[in-house]
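*Asks:* Turn this into a structure:
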Amino acid sequence: MGEKKIRARLRRLIVIFLAMCVAIFWVLSYVSQSVSNLYLTSIHDRLEEQAIQYENSFHFKLDADLLTLRAMAGMLQDHPDQDAKTMLLGLQEANNASQFVRLAYFEEDGCGFRLSSKEEGGVPVCLDQLPTALQDVVALAWSGTSSFSQAFYDPHVGSKVLASATPVYTDGQICGVLVSAVESDVYAEIFSSLNSGTAAIICHNGNVVASTRTHTPDGFYNLFSSPYLSDDIKEQYRAAFEDPKVSFFEFTYQGTDYYNCVLPMEVFPGSSMVITDTDHGISTSVSEIVRLAYLAVGLFSIVSVCFMLIALWLLRRYRISLSSIAYYDSLTGAYNKAKFLQLLEERLKQASPCTVVAVNIRKFKFRNELFGTPDSDVLLRHMCTILYQHIQEGEFFCRDSADRFLICLEASEEETTEYRLQTMFTQISQVADSMHPNYPLYFYCGCASSVSYASDDPLEELMGHVMMALDVAKQGQRTTISFYNAQLHEQEKLQNYIENHMEQALTAGAFKLFLQPKIRLQDGTLGGAEALVRWINNGTQAFFPDQFIPLFEHNGFCVQLDYYMVEQACRQIRAWLDEGLPLVPISVNQTRLLFHQTGYPQRLREIAAKYQISPSWITLEILEGLAMEDVELVKQCLDELHSYGFRISMDDFGTGYSSLHTLGSLHIDELKLDRSFMVQAKLDKQGNHRKILAAIIAMSKNMNMSTVAEGVETADSEQMLQELSCDFGQGYYYSKPIPAAEFQQLYLRK
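*Replies:* Residues are numbered from 1 along each chain as shown. Sure thing, here's the model as predicted:
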């Protein structure tokens, strides 16, 4: 079965599986939401039903009190010959039998009398000295309308009261107004049928008129001043009071969920009937039904999840089975060619070199006919086992067909590859000899390194090179290993590519700034960095400096590249400044062609000025041999560069034939000792090279030049340089050249 068919089947299965998951979860969500909505609707209906019932009871009680007051007013009307005070005192006995805590009578001028159980006789009062709510209902009574007021606090009664007022007539004309007051807590009796929760009549300013709970007796209890309710709950109450329709909301208090119904009261404008209860208090039966529904949904969810997990497990087993068929050899258990090519394609994208090997057994067909297929199969399985033993991490192989094996090795050097292959072949031959001592086993194989391809299809080209090498090896005798060799051809193609793309790479920023640290040998701290260039395309390393620098020096492109690298170094220092990081000087190599460019020192000064950095942070490295070509020209340029603040370093000192006279005539700030000094001092048994190195370092100090030793790769080299009082060390012992961002993270952000 082909890989495309396997993938198509897997995609179909995954789509079906996902569709089932979506359908199951949609059904669960729909059922859960429906049950929740039904549950909530039931709670809301019951709360609203209670609120309407209590509003009607409140209205009925208000009407009853108003009828009683009208009856008293009628008694005043039936005795017009008596004055109001006498009549009011006569009604005291009737008042004591009612729930009125106070009666009052007002004449048209606003003067009148009040009567209460706590005061003997009538007490004269003036209307304009009474609460506004009372004045409002008296004004309505003078217009012929009987009404009741909003709740207000009466200090003489010592509690919240609701006042009612009705006109008193004489000969068809209003002669006075009779007023009664009832404690608002009396109206809490209408909530006597409430089994659980709380009910209250609350003004929209938050004052509680009447409630099932006892509140402060010396004034109003204000809902919005409650220390027990959060600001969020209070805001929900405010929003409900402003809504002209019945509204519902929920909140959680001390771990319990409360449901609220707020019903605007038509008979008591500016107030609302508020019912608060838990789901158990509202409807235990509905609550249990909902819980059963949620339990059913939960069980269904568990069953669905189990089903999906089983489906995933079966799908995984099916995928493993298909993968085994598609990517593994049935005889040896090794990868087949399809899997090998897939892995190799991924490997080639990593840009790390490898060698692909195709191995065949000589005269395998004849051996198969001579000893039989089972015997040959045993040999192939043994061969596969030995290959497994020699394969390292990151390497892989496959059985291509019959006796052919394809191997991908990490080694890219021919000598290393050949040695490893010979070791494998020797071990396989020993197994074959133990099976048939008189029939020796020989191999022929073709090898090709991944560094040799350059086409748009590297996989196809590389495998073509392997097969070409295999054909060459097949022509030999006994065990033959052949390598594909296209070095000159590849070198020519590389040079063509570099020259055709160097301008484009410079414009696109493909030349990247790498930094190698310079370490102070005295204390091991960072003392600077050398700028090195890498040509990297699309995030992968394409070329090393030794592949393009010699060509650039030949065609003159190195002038543009050196200016570019100086600008990159200045830009990096500017970035460090902007980020507030510590600065270290950066050394930049300068080609000999730059010294023949008109305005070269001025150009460098302009680059530094562009990024507003001091030129003292840039060290310009020149080769030792440059000073010997034209001492006067070099000296003139170096003096001008020094005047601008740049530092000068002589690179690779000791590899050429520069005289001490020439060195003394130039203004050099730093002397870089070539790595060959390290090698020679290490190999020299008599210590002469070490003495020369010590003399150079001492001479440099006398000339006020710092010294940098390149090629420090071991602790012994570092110790030797410390003993010789060398200033700086640079080499792989400390770090290889790394990207500027990594250098910043490792050395400057610590």
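*Asks:* beta partners of residue 728?
*Replies:* Note on residue 728: beta-bridge partners residue 520, residue 708, judged by DSSP bridges.
*Asks:* what's it in contact with, if anything?
*Replies:* 518-521, 527-528, 706-709 (CB atoms under 8 Å, 6 or more residues apart in numbering). Glycine gets a C-beta too; all of them are placed from N, C-alpha and C.
*Asks:* Sort out which of these are buried, if you could.
*Replies:* 518-519, 521, 527-528, 706-709 (16 or more other CB atoms under 10 Å).
*Asks:* want to throw the contacts of residue 728 into a markdown table with distance to residue 624?
*Replies:* As requested, those are exported to a markdown table (distance: CB to CB, whole Å):
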| residue | distance to residue 624 |
| --- | --- |
| 518 | 18 |
| 519 | 23 |
| 520 | 24 |
| 521 | 22 |
| 527 | 22 |
| 528 | 20 |
| 706 | 16 |
| 707 | 14 |
| 708 | 13 |
| 709 | 15 |
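*Asks:* ok, residues contacting stretch 608-619?
*Replies:* 528, 566-567, 569-571, 573-574, 577, 583, 585-588, 604-605, 641, 644-649, 669-670.
*Asks:* so after the least confident helix or strand in the chain by mean pLDDT, what's the next helix or strand?
*Replies:* Sorting the helices and strands of the chain by mean pLDDT, DSSP states H and E puts helix 92-96 at the bottom, at a mean of 60. Using DSSP states H and E, the helix or strand that directly follows helix 92-96 along the chain is strand 102-106.
*Asks:* That next one packs against which elements?
*Replies:* helix 84-90, strand 111-116, strand 173-183 (3 or more CB pairs under 8 Å, 6 or more residues apart in numbering; DSSP states H and E).
*Asks:* just to revisit the earlier point, in a markdown table, list the buried ones among the contacts of residue 728 along with pLDDT and distance to residue 435.
*Replies:* Converted to a markdown table, the buried ones among the contacts of residue 728 look like this (pLDDT from 0 to 100; distance: CB to CB, whole Å):
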| residue | pLDDT | distance to residue 435 |
| --- | --- | --- |
| 518 | 96 | 62 |
| 519 | 96 | 60 |
| 521 | 94 | 63 |
| 527 | 94 | 66 |
| 528 | 95 | 65 |
| 706 | 94 | 70 |
| 707 | 95 | 67 |
| 708 | 95 | 63 |
| 709 | 93 | 60 |
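*Asks:* which of these lies closest to residue 688?
*Replies:* residue 709 (17.7 Å; CB to CB).
*Asks:* Now do the contacts for the closest one.
*Replies:* Taking CB under 8 Å, 6+ apart, one finds 672-673, 677-678, 717, 721, 726, 728-731 in contact with residue 709.
*Asks:* Apply 6 Å and report the result again.
*Replies:* 673, 721, 726, 729 (CB atoms under 6 Å, 6 or more residues apart in numbering).
*Asks:* Return a selection command, for use in ChimeraX, containing the buried ones of those.
*Replies:* In ChimeraX, a selection of the buried entries from the contacts of residue 709 looks like this (16+ other CB under 10 Å):
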select :673,721,726,729
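*Asks:* can you tell me which of the contacts of residue 709 are in strands?
*Replies:* Judged by DSSP state E, the contacts of residue 709 include 673, 729 as members of strands.
*Asks:* For the stretch 501-650 of the chain, just list every one of the helices.
*Replies:* 545-555, 558-578, 600-610, 626-629, 631-644 (DSSP state H, counting those that start in this stretch).
*Asks:* hmm, back to that, of the buried ones among the contacts of residue 728, just say which sits nearest to residue 351.
*Replies:* Of the buried ones among the contacts of residue 728, the one sitting nearest to residue 351 (CB to CB) turns out to be residue 518, at 28.7 Å.
*Asks:* close enough to count as contact, that closest one and residue 526?
*Replies:* No: the criterion here is CB atoms under 6 Å, and residue 518 misses it with residue 526 at 7.5 Å.
*Asks:* OK, contacts around residue 598?
*Replies:* Taking CB under 6 Å, 6+ apart, one finds nothing in contact with residue 598.
*Asks:* before we move on, the earlier item: need the helices and strands packed on strand 102-106 in CSV (columns: distance to residue 31).
*Replies:* Converted to CSV, these look like this (distance: least, CB to CB, whole Å):
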stretch, distance to residue 31
helix 84-90, 69
strand 111-116, 63
strand 173-183, 51
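*Asks:* so which of these gets nearest residue 332?
*Replies:* strand 173-183 (100.3 Å).
*Asks:* how near is the residue lying closest to residue 392 once chain neighbours are set aside to residue 484?
*Replies:* Sequence neighbours aside, residue 410 is the residue nearest to residue 392 in space, at 6.1 Å (criterion: CB to CB, 6 or more residues apart in numbering). Residue 410 sits 18 Å away from residue 484, going by CB to CB, to the nearest Å.
*Asks:* Between these two, tell me which one has more neighbours.
*Replies:* residue 484 (21 against 17; other CB atoms under 10 Å).
*Asks:* any weak-confidence spans in the stretch 551-700 of the chain?
*Replies:* 627, 655-659, 661, 685 (pLDDT under 70).
*Asks:* again, only using 90
*Replies:* 551, 553-555, 592, 596, 623-634, 651-667, 673-695 (pLDDT under 90).
*Asks:* quick revisit: can you tell me which of the helices and strands packed on strand 102-106 is packed in deepest?
*Replies:* strand 173-183 (a mean of 21; mean count of other CB atoms under 10 Å).
*Asks:* elements contacting it?
*Replies:* helix 3-78, strand 102-106, strand 159-170 (3 or more CB pairs under 6 Å, 6 or more residues apart in numbering; DSSP states H and E).
*Asks:* Let me know which of the helices and strands packed on strand 102-106 is the nearest to residue 33.
*Replies:* Nearest to residue 33, of the helices and strands packed on strand 102-106 and by CB to CB, is strand 173-183 at 47.3 Å.
*Asks:* and the angle for the closest one with helix 3-78?
*Replies:* 130 degrees (axes from the mean of the first three to the mean of the last three CA atoms, to 10 degrees).
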